[in-house]
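Chemist: I'll drop the sequence and a predicted model, then ask my questions.
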Amino acid sequence: MKFVSAIIKPFKLDEVREGLSAIGVQGLTVTEVKGFGRQKGHTELYRGAEYVVDFLPKVKVEIAIADELLEQAIEAIEKAAHTGKIGDGKIFVFDLMHVVRIRTSETGDAAI
Ligand SMILES: Nc1ncnc2c1ncn2[C@@H]1O[C@H](COP(=O)(O)OP(=O)(O)OP(=O)(O)O)[C@@H](O)[C@H]1O
């Protein structure tokens, strides 16, 4: 199993959700976040150190998925979230060790 955390532009959320639903993703978590990448956000030099003075609003989409769905999920997010302009975001992928569906006590793939 894999855990995918994608940081996207907020206005792309609906398209990303639709793209993921289309490949069979049944659950996801969305969080409003702030951040900066290489080109957005501004930094300021103060006594020789660089300080971040601006964070841009982003949305974090998190999904737990079966290994077989990983490539399709990445493609779906990329396709939906892409504008080609700076700040389109990033997709982080982690190995996922364990999942429990609390209602039924199912575990692993069956619990996703
Ligand atoms: N290395 C990182 N670690 C954690 N979060 C990051 C990292 N890089 C980017 N992010 C998050 O992703 C958001 C979007 O990043 P962004 O697309 O601006 O990255 P970038 O590397 O500057 O790419 P681009 O050149 O396309 O703008 C950031 O606001 C931040 O929330």
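Modeler: That came through fine.

Chemist: going forward, measure contacts between C-alpha atoms and count neighbours the same way
Modeler: Noted.

Chemist: what's the closest non-adjacent residue to G108?
Modeler: Computed as CA to CA, 6 or more residues apart in numbering, the closest residue to G108 that is not its neighbour in sequence is V99, at 5.1 Å.

Chemist: how many residues are close by the one you found?
Modeler: 16 (other CA atoms under 10 Å).

Chemist: so I63 bridges to which residues?
Modeler: Beta-bridge partners for I63, by DSSP bridges, are V4.

Chemist: select the longest helix from this protein.
Modeler: helix 70-81 (DSSP state H).

Chemist: all strands for the chain, in order.
Modeler: For the chain, applying DSSP state E gives strands covering 2-8, 29-35, 43-46, 49-52, 56-65, 89-95.

Chemist: the longest one packs against which elements?
Modeler: This means strand 56-65. strand 2-8, strand 29-35 (3 or more CA pairs under 8 Å, 6 or more residues apart in numbering; DSSP states H and E).

Chemist: buried residues in the last one?
Modeler: Residues G35 are the ones in strand 29-35 that count as buried (16 or more other CA atoms under 10 Å).

Chemist: give me the contacts around that strand.
Modeler: Under the criterion CA atoms under 8 Å, 6 or more residues apart in numbering, residues 41, 55-63 lie in contact with strand 29-35.

Chemist: and if we set it to 10 Å?
Modeler: The contact list for strand 29-35 (CA atoms under 10 Å, 6 or more residues apart in numbering) reads 5-8, 10, 13, 17, 41, 52, 54-64, 87, 89.
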